[in-house]
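Asks: I would like to see how this sequence folds:
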Amino acid sequence: MKYRSEIDGLRALAVVSVILFHAGFAIFSGGFVGVDVFFVISGYLITTILIEDIDNKRFSFLDFYERRARRILPALFFVMLCSILFSWMWMLPSQLDDFSHSLVAVSLFSSNVLFWQESGYFDAAAEEKPLLHTWSLAVEEQYYVLFPIFLFLAWRYGKNRVFWMIVLFSAISFLLSEWGWRNKSTPNFYLAPTRAWELLAGTMAAFVVQRRGVVKNDSLALVGLAAILVSVFVYDEATPFPSAYALAPVLGAVLLVLFADKETFAARLLNTRLLVGIGFISYSAYLWHQPLFAFARIQSLSEPSPMLMLFLSCFSVALAVVSWKIIEQPFRRKEKIDSRRLFFFSSAGLVMFVSIGLYGHDENGYINGDFIMSPNVEFRSFGEKVETIGDVCVPQRTEGSHWVSECTFGDKDSSEVVILIGDSHAQAISYSLDQVFRRQNIKGKVFNLDGCETVPFIRRNKNRSVENCEERFEEFTSIIKRQDAEVILASRWSFKLFPIEGVIDKMPYRNSEGFSERDADYREYDVLVSGEFYRDAKTKREYLIKYIEEMAKVARSLYLVYPVPETGIDIEKMNRFYYSENNQVLEQVTFPYEDFYSRNKFVIDAFDSIPAPGIKRVVVSALFCNNYVQGRCVVQRNSVPFYYDDDHLSKKGADIVVDEIFRLSDW
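Replies: Next up, the predicted model:
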């Protein structure tokens, strides 16, 4: 295969865009499209190699997969090994448990499946996953496994027919991605079936170049380069992806492959020494950047500074130079590392990483049964909390309904029914409710409304709206009314209702003392009414009040849980940092009450204005604010955390809220 230096320049453009996007530089808001460019390049290069080998009757599956192993595994293993060392030193047990899962998944080339199940790519929590970026390697590896087999078997039908088969597969994959972003956005992002068309775009380009060569066309090459750059600087996390929007970077890369002859202006730009040099080390640079960024965020209570992230971006390139020279290059040369040694190295590495991952998962992220926190302190990791105060039961589709799901907890044989409705803030009190309901002979039920928010008529990102929310809500309320049950309603209200007052604020919540939440995906929420969207505060207030009033009508009694104060403080991480420096746990942690009130006044005023007599108001801020330190809300007291992250209540915090619910009840 003839070497094309402009392809290395294109690699450099892609990897720099991805790195600076992950570093958090807003100007590179669409830098994630660099991965799509990589897919096109991979499809093009791999197909070119395969076509030449098959045409010359020298194709061997063993040789092909050996080349892939030489290219991918050595540098990947080295980065994984370094990540293990820092993970053991710096991660909380819950994080280490998740990391252990990822070690196994990466080793089995299925990390895209794992990360699809764990979180969205743009979720803030994903930023602390050192191996998150390997999802794209998994997609490529799945392509490398299947595509050569298809090509080898289909070649007998002739090159022209094979090309049109690929066109058909690409069209199906593209249409699937168009359906996917509207209906299943997270698997659509991660999984190979909706990404295959991007790789196959490069494959089709390889067929065209193999037939007629690279055709010089300055204009089309520049259009291709411009399409990629526009995507990098114009797209953002709210852009549905992959979808028709991905055509810009994908077709841009294809145009450069087809028309960027060395004499074109676009090729000369890409052929600059710096870009070509970065292109050589782009794979290692891609591998290094995410662990560096993730550990920087793990080791910081707030978002790392732009200067630090810029330094780490440059440092990832420096590390890439080293690993390219001392790891990538030697392993690519058979005279230095023969096939037998490569096979032993690959097998031993895979077994080792799978074993370490299984051990870490089996121990729930604890090493030798211990953790840095003092064992006599009532303090558990988020990972453990999920098992005890997450979903107390898993809702299944209610018989005879189209959209409502439910499940039962507490005393399941009781005729006294209380329904819990809400989001993760409702889940956070569900385990405490379950314990009390068992003692008080009350049957608890969790209700979900499929596809619609807890707050009806509020849609997150209008590009992913769900139709018929009003019709779904009517079915929801009719089922509640038939059961003649009392209802507990809890949600992260302000999060659902931002932005308000005409302000579009997609930034994570920050308190006035410099702390910022890290685990929430802030995108604009919209009011959806009969297919129309409204963002103004007045409309949101009207529909929030309408919702509460409707719930009060159908419930025998409605326990309205007012907003839980968001803290901006990752209390688990703060305790770990403090303990490692002082060998003791923090006695008390608080934050200003005004931070809570100014953010939640919109919701509190709306709730207070509803006169419905059947509403029993659970004012959470009255339980956690001003009682301990005037003018402040408590996060941790007597070394016991009331939260398990920056906005969800721990078991202790949930017990306080549940006690208040029972104080207001007739149970």
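Asks: Lowest-scoring secondary structure element of the protein by mean pLDDT?
Replies: Least confident element among the helices and strands of the chain, by mean pLDDT, DSSP states H and E: helix 382-389 (a mean of 46).
Asks: Which residues does the strand or helix carrying residue 249 contact?
Replies: Residue 249 belongs to helix 247-259 when elements are defined using DSSP states H and E. Helix 247-259 is contacted by residues 6-7, 10, 33-34, 36-37, 39-41, 44, 197-198, 201-202, 204-205, 208-209, 214-217, 220-221, 223-228, 230-232, 266-267, 270 when judged by C-beta atoms under 8 Å, 6 or more residues apart in numbering. Every C-beta, even on glycine, is put in place using the N, C-alpha and C of the backbone.
Asks: got it, and stretch 148-163?
Replies: Counting by C-beta under 8 Å, 6+ apart, 47, 50-51, 54, 59, 61, 64, 165, 204, 207 sit against stretch 148-163.
Asks: ok, of the residues you listed, which one's closest to residue 592?
Replies: In terms of C-beta to C-beta, no member of these lies closer to residue 592 than residue 204, at 58.4 Å.
Asks: what helices or strands is the strand or helix carrying the closest one leaning on?
Replies: Using DSSP H and E, residue 204 sits within helix 196-212. On a contact count with 3 or more C-beta pairs under 8 Å, 6 or more residues apart in numbering; DSSP states H and E, helix 196-212 meets helix 34-55, helix 134-154, helix 159-183, helix 247-259.
Asks: any idea of the angle the third one forms with helix 34-55?
Replies: Using axes from the mean of the first three to the mean of the last three C-alpha atoms, to 10 degrees, the interaxial angle of helix 159-183 with respect to helix 34-55 works out to 160 degrees.
Asks: Same check on the last one?
Replies: Regarding helix 247-259 and helix 34-55, their directions subtend 40 degrees when assessed with the same axes, to 10 degrees.
Asks: can you give me the helices in the stretch 251-400 of the chain?
Replies: Using DSSP state H, counting those that start in this stretch, the helices of the stretch 251-400 of the chain run over 265-270, 273-280, 282-298, 306-323, 329-332, 339-362, 382-389.
Asks: between these, which one is nearest to residue 240?
Replies: That would be helix 282-298 among the helices of the stretch 251-400 of the chain, by C-beta to C-beta, at 23.1 Å.
Asks: related to what we said a few turns ago, looking at the helices of the stretch 251-400 of the chain, which is closest to residue 610?
Replies: That would be, of the helices of the stretch 251-400 of the chain and by C-beta to C-beta, helix 382-389, which comes in at 28.8 Å.
Asks: Quick check: the gap between residue 280 and residue 320.
Replies: Distance of residue 280 to residue 320, given as C-beta to C-beta, to the nearest Å: 9 Å.
Asks: Who has more neighbours out of the two?
Replies: When residue 280 and residue 320 are compared for neighbours, residue 320 comes out ahead with 24 against 19, by other C-beta atoms under 10 Å.
Asks: Of the helices and strands packed on helix 196-212, which stretch is the most buried?
Replies: helix 247-259 (a mean of 25; mean count of other C-beta atoms under 10 Å).
Asks: quick one: low-confidence parts of this structure?
Replies: 119-125, 366-390, 451, 453-468, 498-508, 518-536 (pLDDT under 70).
Asks: What segments of it are strands?
Replies: 396-397, 404-410, 417-422, 443-449, 458-460, 486-490, 525-529, 532-534, 558-561, 588-592, 615-618, 632-637, 640-641 (DSSP state E).
Asks: still on that earlier bit, identify the farthest-apart pair in the contacts of stretch 148-163.
Replies: 61 and 204 (22.7 Å).
Asks: what does the domain assignment say about this protein?
Replies: Using automatic domain parsing, the domains assigned to the chain come out as 5-362, 382-664.
Asks: which residues touch residue 476?
Replies: By C-beta under 8 Å, 6+ apart, the neighbours of residue 476 are 403-404, 447, 449.
Asks: isn't residue 51 right next to residue 205, touching?
Replies: No - between residue 51 and residue 205 there is no contact under C-beta atoms under 8 Å: 11.7 Å.
Asks: ok so, going back, export the helices of the stretch 251-400 of the chain to TSV and tack on distance to residue 253?
Replies: TSV is the format used below for those (distance: least, C-beta to C-beta, whole Å):
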stretch	distance to residue 253
helix 265-270	11
helix 273-280	13
helix 282-298	14
helix 306-323	21
helix 329-332	24
helix 339-362	30
helix 382-389	40
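Asks: which of those is buried the deepest?
Replies: Comparing those by mean count of other C-beta under 10 Å gives helix 282-298 as most buried, with a mean of 24.
Asks: Just the CA trace of that one, in CSV.
Replies: Backbone C-alpha positions of helix 282-298 (Å, rounded to 0.1, in the frame of the first residue of the first chain) are rendered in CSV as follows:
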residue,chain,number,x,y,z
SER,A,282,-1.7,9.6,17.2
TYR,A,283,-2.7,6.1,18.4
SER,A,284,-0.5,6.4,21.5
ALA,A,285,-1.6,10.0,22.1
TYR,A,286,-5.2,8.9,22.0
LEU,A,287,-4.5,6.1,24.5
TRP,A,288,-2.8,8.4,27.0
HIS,A,289,-5.0,11.4,27.1
GLN,A,290,-8.1,10.0,28.8
PRO,A,291,-6.3,8.3,31.7
LEU,A,292,-4.4,11.5,32.4
PHE,A,293,-7.5,13.6,32.3
ALA,A,294,-9.5,11.1,34.4
PHE,A,295,-6.9,10.9,37.1
ALA,A,296,-6.6,14.7,37.2
ARG,A,297,-10.3,14.9,37.8
ILE,A,298,-10.3,12.1,40.3
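Asks: list the helices and strands it packs on?
Replies: Packed next to helix 282-298, using 3+ C-beta pairs under 8 Å, 6+ apart, are helix 5-22, helix 61-90, helix 306-323.
Asks: Out of those helices, which is closest to residue 348?
Replies: helix 61-90 (9.5 Å).
Asks: Which strands and helices lie in contact with the closest one?
Replies: helix 34-55, helix 93-107, helix 134-154, helix 282-298, helix 306-323, helix 329-332, helix 339-362.
Asks: for that helix, which positions count as buried?
Replies: 64, 66, 68-70, 72-80, 82-84, 86-87, 90 (16 or more other C-beta atoms under 10 Å).
Asks: swap in stretch 551-562?
Replies: 551-552, 554-555, 557-562.
Asks: farthest pair in those residues?
Replies: Of all pairs in these, the most separated under C-beta to C-beta is 554 and 562 at 20.4 Å.
Asks: follow-up on the earlier one: out of the helices and strands packed on helix 196-212, which is closest to residue 291?
Replies: helix 134-154 (10.2 Å).
Asks: what is the orientation angle of that closest one with helix 61-90?
Replies: Going by the same axes, to 10 degrees, helix 134-154 makes 170 degrees with helix 61-90.
Asks: Convert helix 134-154 to CSV, retaining C-alpha atoms only.
Replies: Output in CSV follows, covering the C-alpha atoms of helix 134-154 (Å, rounded to 0.1, in the frame of the first residue of the first chain):
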residue,chain,number,x,y,z
THR,A,134,-11.4,2.4,24.5
TRP,A,135,-15.0,2.2,23.4
SER,A,136,-13.9,3.3,19.9
LEU,A,137,-11.1,0.7,19.9
ALA,A,138,-13.8,-2.0,20.7
VAL,A,139,-15.9,-0.8,17.7
GLU,A,140,-12.9,-1.1,15.4
GLU,A,141,-11.9,-4.5,16.8
GLN,A,142,-15.4,-5.8,16.2
TYR,A,143,-15.1,-4.5,12.7
TYR,A,144,-11.7,-6.1,12.2
VAL,A,145,-13.1,-9.5,13.3
LEU,A,146,-16.1,-9.5,11.0
PHE,A,147,-15.2,-7.5,8.0
PRO,A,148,-12.3,-9.6,6.7
ILE,A,149,-14.4,-12.7,7.0
PHE,A,150,-17.2,-11.1,5.0
LEU,A,151,-14.8,-9.8,2.4
PHE,A,152,-13.0,-13.1,1.9
LEU,A,153,-16.3,-15.0,1.5
ALA,A,154,-18.0,-12.5,-0.7
